[in-house]
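Colleague: Return a 3D structure for these sequence lines:
(chains A and B)
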Amino acid sequence: DAGVIQSPRHEVTEMGQEVTLRCKPISGHDYLFWYRQTMMRGLELLIYFNNNVPIDDSGMPEDRFSAKMPNASFSTLKIQPSEPRDSAVYFCASSSGVPYNEQFFGPGTRLTVL
Amino acid sequence: QKEVEQDPGPLSVPEGAIVSLNCTYSNSAFQYFMWYRQYSRKGPELLMYTYSSGNKEDGRFTAQVDKSSKYISLFIRDSQPSDSATYLCAMSGTDSWGKLQFGAGTQVVVTP
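Modeller: This next block holds a predicted model:
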């Protein structure tokens, strides 16, 4: 299995632009998680899905952030408009949920907003 | 105050030494405890998983959970330079199964 796939790996954009991050989970995994990692705040859960349905989005920082999972093999995290404080590494992870919540992380997308 | 506290280090040890890492937490509902390892510019990967209290051993790695003290530990025996990484503790409760709370991560450097 190729593992969790994320694209792009690096993104540099200017403040105010729309940013779309993409994730392909491991086949057969029912859970998908989006995280953000910064030096200041560490690894934070933004939102997670179960069977393509958002279960908990309490970590989404504000309305500028949105996430979708149109099918079992694809998810997007969108930031519109982007701000410099959104600069971080964004990770996608997936899990089968059994026998426990072992999450497999992708390589991350390093976002820089100028 | 954060729910999970972890010293960010860095922790520098000579090759062959025992590495001792720990986290404290405040939420008594936490039941699932994990340790992840993260190499520079990579995603975290699961090292150890423990449910509720007790010890678990896997090769050179031992995880301990003391729920009465709200304290978990990870020990790495016979440390190798390849163990140099950031180690993150993570935990969740039965009512918040999907929401792993991560510690800040401890950077470990094993010098040859």
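Colleague: Stretch B:59-73: end-to-end distance?
Modeller: 16 Å (Cα to Cα, to the nearest Å).
Colleague: For it, the averaged confidence score.
Modeller: Mean pLDDT, stretch B:59-73: 96.
Colleague: For chain A, just list every one of the strands.
Modeller: Listed in chain order, the strands of chain A (DSSP state E) span A:5-7, A:10-13, A:19-24, A:31-38, A:42-50, A:53-56, A:65-71, A:74-79, A:88-95, A:104-105, A:109-113.
Colleague: Can you name the residues of chain B sitting close to chain A?
Modeller: Residues of chain B lying close to chain A (Cβ under 8 Å from any Cβ of the partner chain) are B:32, B:34, B:41-46, B:49, B:51, B:88, B:92, B:97-100, B:102-105. All C-beta spots, glycine's among them, are computed from the backbone N, C-alpha and C.
Colleague: Near chain B, which residues of chain A are found?
Modeller: Close to chain B, as judged by Cβ under 8 Å from any Cβ, chain A has residues A:4, A:31, A:33, A:42-45, A:48, A:50, A:55-56, A:91, A:93, A:100-108.
Colleague: Drop anything exposed from the residues you listed.
Modeller: A:4, A:31, A:33, A:42-43, A:45, A:48, A:56, A:91, A:93, A:100-108 (16 or more other Cβ atoms under 10 Å in any protein chain shown).
Colleague: Out of the residues of chain B next to chain A, which sit inside helices?
Modeller: Secondary structure from DSSP state H places none of those in helices.
Colleague: Just the buried subset of these, written out for ChimeraX, thanks.
Modeller: Filtering these down to the buried ones (16+ other Cβ under 10 Å) takes a single ChimeraX command:
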select /B:32,34,43,44,46,49,88,92,98,99,100,102,103,104,105
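Colleague: With adjacent residues omitted, what lies nearest to whichever residue of chain B sits closest to chain A?
Modeller: Closest contact between chain B and chain A, by Cβ to the nearest Cβ, is at B:G43 (3.2 Å). Spatial nearest neighbour of B:G43, excluding adjacent residues (Cβ to Cβ, 6 or more residues apart in numbering or on different chains): A:F105 at 3.2 Å.
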